[in-house]
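Dropping a prediction and its sequence here:
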Amino acid sequence: MQFGVVEQPIHQLFGGAMQSHIDASLCDISTVRPLPDTQEQFINRNNGYTLTFDIMYMLDKDIKSSLDTYAHDLTLHPQIKMTLNNIQYSEFKLEYENIALTCQHQTVYQNKVKNNVLSLVLLRLKQYRTDLLIYSLNPNVNDNDVIFKDAVESFLINDYTIFAPEVIETQNQVEQ
């Protein structure tokens, strides 16, 4: 199985509409399996660390409740029991409204327990009715997740037309 090489130091996401620094240890998953058009995902083949970017319709909730909903949704699986413990909230200093959480993420499958750290940030783009999620699942529970922090802090949106083009078209018509 051949994984795609990740562009360094800045990787173009969603056809160049966004960009972020993706650590050289990560490979592009889309080169080995299909992903939804609204998702970009990277994996470290040596330890299973994953970094994911997801474009979502904005939930009709405040930003913290939305973050909690997304975190809960990430733990839903019909055959695997997953729990989140020791949830801590924070914010990144970004130009986008955001809230972040870090927590212990435990999975139990076929009586095998696996502990990870889930780091999740929600970027709220109200004017486009869009929530953007960036999250990592880190198998090294004692690790300070610099890969995640670097990806979030370097994240930029280059082309806002990727979000709800009909909203942008309506705004342009009103301005004319």
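That came through fine.

in whatever helix or strand Leu120 lives in, what's buried?
Element membership for Leu120 (DSSP states H and E) is strand 112-125. Across strand 112-125, burial judged by 16 or more other Cβ atoms under 10 Å covers Asn116, Val117, Leu118, Ser119, Leu120, Val121, Leu122, Leu123, Arg124, Leu125. In short, each C-beta sits where N, CA and C put it, glycine included.

how about TSV for the residues you listed, with pLDDT and distance to Asp150 added?
TSV is the format used below for the buried residues of strand 112-125 (pLDDT from 0 to 100; distance: Cβ to Cβ, whole Å):
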residue	pLDDT	distance to Asp150
Asn116	85	19
Val117	89	16
Leu118	91	17
Ser119	93	12
Leu120	95	16
Val121	97	12
Leu122	97	18
Leu123	97	16
Arg124	97	21
Leu125	95	21
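
Make TSV from these and add distance to Asp62 to it.
Below are the buried residues of strand 112-125 laid out as TSV (distance: Cβ to Cβ, whole Å):
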residue	distance to Asp62
Asn116	27
Val117	25
Leu118	21
Ser119	21
Leu120	16
Val121	16
Leu122	11
Leu123	15
Arg124	9
Leu125	15
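
What pairs with the strand holding Leu120, parallel or antiparallel?
strand 97-109 (antiparallel), strand 130-138 (antiparallel) (DSSP bridges).

Confidence-wise, which of those is weakest overall?
With a mean of 89, strand 97-109 has the lowest mean pLDDT of the strands paired with strand 112-125.
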